[in-house]
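Engineer: mind looking at a prediction? Sequence and model below.
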2 protein chains.
Amino acid sequence: MKSPIPKSHPRAQSLYIREKLVAAFDDGLVAKEGLMAHGRGEAFDYLLGEKTARSAKKATKAAAFMLMHAQNPVISVNGNVAGLCPKEIVQLAKATEAKIEVNLFYSSEERKRKIHRVLKKNGAVQILGLNKKNSIRISGLDSARRIVDVNGIYSADVVLVPLEDGDRTQALKNAGKKVITFDLNPLSRTAQTADITIVDNIVRGIRNLILECRKNQSKVKFDNKKNLSDAILEIRDNLTRKANHA
Amino acid sequence: MKSPIPKSHPRAQSLYIREKLVAAFDDGLVAKEGLMAHGRGEAFDYLLGEKTARSAKKATKAAAFMLMHAQNPVISVNGNVAGLCPKEIVQLAKATEAKIEVNLFYSSEERKRKIHRVLKKNGAVQILGLNKKNSIRISGLDSARRIVDVNGIYSADVVLVPLEDGDRTQALKNAGKKVITFDLNPLSRTAQTADITIVDNIVRGIRNLILECRKNQSKVKFDNKKNLSDAILEIRDNLTRKANHA
């Protein structure tokens, strides 16, 4: 896709990512609500200076260690994730020997099939979450959203749920899972509920996570609440900096 | 529309507004990019505590005075504005004797017609921006976006451009207009370029603006840059508060 955005644009990268998501919406991968959620993420990324913060690098190391030492890690993929970084999801699944499960907040069989096709095209071997025979409910969620794959999230010990909703993150915690997430809002319920929250744009962050997983990770002391407070401070510092340059 | 959102939800109001915008998207008033822009606004509104800040109240008084003392005020309406507060736009136009012009960033004759229909349904008498015979270009903008109505924005002394783009705000300034805007991001180019920036959710803010216009306004000393810095400080304070309660 030829982009009209000049490379010189100070926020070109963010605008390329936006185009990518709009294209994924046009292809039927992304929900309307996914477009708005992306806009919320853009605002927080803007406040983070559209770069990976120190706190995110720390969370990424902790996440890599947890994923590489998991018994049965699963990566939950929704429309925005499939639209923004399908190739990287497959690379991460290979690096961590994790399963990939398509799991949508706004469930739709057609969107599921389209996401499945995109992941396949990007090299995914096995993709869970599509075979109704393997559907099972996790408790604490309303009907549509509680369906997971018995061979996937249901039996996982560690679940990576990028760009996830707060209720679902809580439900996964209640089900005894270790939860890792990408969330640009360090104050969101997902961010506050997960065991490890990477406060970063997934397009930048997932590449760093893949690199970390390919290294020999050493266990890092990690406190998610403390790390989230650091992320909030980084946003505050950026606000001050931007305010002074405004 | 029966909403599934419980009144008890801490962020119910924000979710109602979101539903309203999605409905307007389904009706063809709002562009995809408008959904993402709304998401960005939601994030900043969240950081403002989803309430009208002191700085916004001050800007609103200044805006009311400027509108009521304008020779030829024009209200520029795009898809998001028409989707969120068409009735209020008509009320504001009546209170200020301003003209209404439909002016879209992502121009589309069909969207223009639909926006026109919604404004009519909400009581608008005259709506500009639809008659091609009255189209004229303002300089400093690429083709599609520079078209305005010769009887509207082109000949206005004061233009209210809610939820506007930075380039266009600058172009209106270059054309010698006084510009008033609603923008939830106090750091945006629009916010920084306008003469008066109301950093507030337009759904809350426009009601306050209508009330101010109906009073006898007294001239208030107003410095937009200073007021924007106050808005940034209010966001910083909210961040701290939220961080402490997280």
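Structural biologist: Great, that's in hand.
Engineer: how about the longest helix anywhere in chain A: buried residues?
Structural biologist: When chain A is parsed with DSSP state H, its longest helix is helix A:224-245. Counting neighbours by 16 or more other C-beta atoms under 10 Å in any protein chain shown, one finds that the buried residues in helix A:224-245 are A:224, A:227-236, A:238-239, A:243. Any C-beta I mention is one placed from the backbone N, CA and C, and that applies to glycine too.
Engineer: now, which of the residues you listed lie close to chain B?
Structural biologist: Restricting those to those adjacent to chain B (criterion: C-beta under 8 Å from any C-beta of the partner chain) gives A:L228, A:S229, A:I232, A:I235, A:R236, A:L239, A:A243.
Engineer: A:Q170 against A:Q192, yeah?
Structural biologist: No: in this structure A:Q170 lies outside contact range of A:Q192 using C-beta atoms under 8 Å: 9.8 Å.
Engineer: wait, what's in contact with A:Q217?
Structural biologist: By C-beta atoms under 8 Å, 6 or more residues apart in numbering or on different chains, the residues touching A:Q217 are A:K61, A:A64, A:F65, A:M68.
Engineer: neighbours of the third one, how many?
Structural biologist: By that I understand A:F65. Counted with other C-beta atoms under 10 Å in any protein chain shown, residues neighbouring A:F65 total 19.
Engineer: any chance of the buried residues of helix A:224-245 in CSV, plus pLDDT and distance to B:I17?
Structural biologist: Listed next are those as CSV, based on pLDDT from 0 to 100; distance: C-beta to C-beta, whole Å:
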residue, pLDDT, distance to B:I17
A:N224, 97, 31
A:N227, 97, 32
A:L228, 96, 27
A:S229, 94, 30
A:D230, 94, 32
A:A231, 95, 27
A:I232, 94, 25
A:L233, 92, 30
A:E234, 92, 29
A:I235, 93, 24
A:R236, 91, 26
A:N238, 88, 27
A:L239, 88, 24
A:A243, 76, 27
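Engineer: pretty sure A:F182 sits against A:L163.
Structural biologist: Yes: in this structure, A:F182 is within contact of A:L163 by C-beta under 8 Å, at 6.2 Å.
Engineer: which neighbours do those two share?
Structural biologist: A:I202.
Engineer: more neighbours: these two, which one.
Structural biologist: Using other C-beta under 10 Å as the criterion, A:F182 and A:L163 rank with A:F182 on top: 31 against 22.
Engineer: how about the residues of chain A near chain B?
Structural biologist: Residues of chain A lying close to chain B by C-beta under 8 Å from any C-beta are A:18, A:21-22, A:25, A:32-33, A:35-44, A:46, A:185-187, A:192, A:225, A:228-229, A:232, A:235-236, A:239-240, A:242-243, A:246.
Engineer: now A:L187: closest residue in space that isn't a chain neighbour?
Structural biologist: B:K242 (5.1 Å; C-beta to C-beta, 6 or more residues apart in numbering or on different chains).
Engineer: give me the pLDDT for the one you found.
Structural biologist: Predicted confidence (pLDDT) for B:K242: 77.
Engineer: how many neighbours does the residue lying closest to A:V158 once chain neighbours are set aside have?
Structural biologist: Closest residue to A:V158 apart from its sequence neighbours, by C-beta to C-beta, 6+ apart: A:A70 at 3.7 Å. Per other C-beta under 10 Å, the neighbour tally for A:A70 reads 19.
Engineer: what sits against the residue nearest the centre of chain A?
Structural biologist: With distances taken as C-alpha atoms, centre = their mean, A:P162 lies nearest the centre of chain A, 1.9 Å away. A:P162 makes contact with A:S76, A:N78, A:V81, A:T181, A:F182, A:D183, A:I202, A:I206 under the criterion C-beta under 8 Å, 6+ apart.
Engineer: find the nearest non-adjacent residue to the fourth one, please.
Structural biologist: Spatial nearest neighbour of A:T181, chain neighbours left out: A:A194 (4.3 Å); criterion: C-beta to C-beta, 6+ apart.
Engineer: now do the last one
Structural biologist: Leaving aside its chain neighbours, A:I206 sits nearest to A:E88 (4.4 Å; criterion: C-beta to C-beta, 6+ apart).
Engineer: cool, and the fifth one?
Structural biologist: With C-beta to C-beta, 6+ apart as the measure, A:P162 is the residue that lies nearest to A:F182, at 4.1 Å, once sequence neighbours are left out.
Engineer: what do you get for the third one?
Structural biologist: If the residues on either side of it in the chain are set aside, A:V81 comes closest to A:P162, at 5.2 Å by C-beta to C-beta, 6+ apart.
Engineer: is that neighbour in a helix, a strand, or coil?
Structural biologist: Put simply, A:P162 is coil when judged by DSSP: H, G, I helix; E, B strand; the rest coil.
Engineer: distance of A:A37 from A:G83?
Structural biologist: For A:A37, the distance to A:G83 equals 12 Å [C-beta to C-beta, to the nearest Å].
Engineer: residues of stretch A:156-164 that come out buried?
Structural biologist: Result for stretch A:156-164 [16+ other C-beta under 10 Å]: buried residues A:A156, A:V158, A:V159, A:L160, A:V161, A:P162, A:L163, A:E164.
Engineer: got the contact list for A:V159?
Structural biologist: A:P73, A:V74, A:I75, A:S76, A:I153, A:L172, A:K177, A:K178, A:V179, A:I180.
Engineer: so the fifth one touches A:N103, yeah?
Structural biologist: Put plainly, it is A:I153. Yes: under the criterion of C-beta under 8 Å, A:I153 makes contact with A:N103 at 6.6 Å.
Engineer: quick one, phi psi at A:K99?
Structural biologist: Backbone dihedrals for A:K99, given as degrees, to the nearest 10, come out at phi -80, psi 160.
Engineer: an error on my part: the question was meant for A:S55.
Structural biologist: Main-chain dihedrals, A:S55, degrees, to the nearest 10: phi -60, psi -30.
Engineer: check the closest residue to chain B within chain A and give its pLDDT.
Structural biologist: Closest residue of chain A to chain B, C-beta to the nearest C-beta: A:G39 (2.3 Å). As predicted, A:G39 sits at a pLDDT of 96.
Engineer: any idea which element it lies in?
Structural biologist: Assigned by DSSP states H and E, A:G39 falls within helix A:32-47.
Engineer: and the angle for that helix with helix A:224-245?
Structural biologist: If you take axes from the mean of the first three to the mean of the last three C-alpha atoms, to 10 degrees, helix A:32-47 sits at 70 degrees to helix A:224-245.
Engineer: and of the ones next to chain B among the buried residues of helix A:224-245, the nearest to A:L92?
Structural biologist: Proximity of those to A:L92 (C-beta to C-beta) peaks at A:L228, which lies at 22.4 Å.
Engineer: that older thread, among the contacts of A:V159, which one lies nearest to B:R54?
Structural biologist: Out of the contacts of A:V159, the member with the shortest distance to B:R54 (by C-beta to C-beta) is A:V179, at 38.8 Å.
Engineer: secondary structure element for the closest one?
Structural biologist: strand A:178-182.
Engineer: which other helices and strands contact that strand?
Structural biologist: helix A:54-68, strand A:158-160, helix A:166-174, helix A:189-193, strand A:196-198, helix A:202-214 (3 or more C-beta pairs under 8 Å, 6 or more residues apart in numbering or on different chains; DSSP states H and E).
Engineer: make a markdown table out of these and add mean pLDDT.
Structural biologist: Shown next, in a markdown table, are these (pLDDT from 0 to 100):
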| stretch | mean pLDDT |
| --- | --- |
| helix A:54-68 | 97 |
| strand A:158-160 | 98 |
| helix A:166-174 | 87 |
| helix A:189-193 | 94 |
| strand A:196-198 | 98 |
| helix A:202-214 | 97 |
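Engineer: between those, which one is nearest to B:S218?
Structural biologist: Nearest to B:S218, of all these, is helix A:189-193, at 44.5 Å by C-beta to C-beta.
Engineer: cheers, nothing more for now.
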